[in-house]
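Undergrad: Quick one, what's the 3D model for this:
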Amino acid sequence: MIYSLMLTWLTCRACDVEPYAYLLHVLTELPQRAPDADISDLLPFNFAPPKAAPPHPA
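TA: Model prediction:
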């Protein structure tokens, strides 16, 4: 298990992805998928962090 987390962290770093944001996304998205769903979009090199909303005018 620790090896898998370390490998995920290294892959994220190699893909210029923040590991915590990636894992948070995967662990919230994966339970919502059907068991036979394609999960290739959840791989680190396909991960696109959600865009931050623009600040509201005061």
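Undergrad: Sticking with the spatially most central residue of the chain, tell me its helix or strand.
TA: By C-alpha atoms, centre = their mean, the chain has its centre lying nearest to Tyr22, at 2.6 Å. Assessed by DSSP states H and E, Tyr22 sits inside helix 19-29.
Undergrad: can you pull the buried residues of that helix?
TA: 19, 22-23, 25 (16 or more other C-beta atoms under 10 Å). Heads up, the C-betas are built off the backbone N, CA and C, glycines and all.
Undergrad: Then stretch 35-44?
TA: Going by 16+ other C-beta under 10 Å, stretch 35-44 has these buried residues: 42, 44.
Undergrad: CA-only coordinates of that stretch in CSV, if you can.
TA: Taking C-alpha atoms only, stretch 35-44 is exported to CSV below (Å, rounded to 0.1, in the frame of the first residue of the first chain):
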residue,chain,number,x,y,z
PRO,A,35,-18.1,-0.8,-11.8
ASP,A,36,-17.5,-1.3,-15.6
ALA,A,37,-16.9,2.4,-16.4
ASP,A,38,-13.8,3.6,-18.1
ILE,A,39,-11.4,5.2,-15.6
SER,A,40,-8.6,6.2,-17.9
ASP,A,41,-9.5,9.8,-17.3
LEU,A,42,-8.6,9.4,-13.7
LEU,A,43,-5.0,8.6,-14.4
PRO,A,44,-2.5,11.2,-13.3
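Undergrad: Many thanks, we can stop here.
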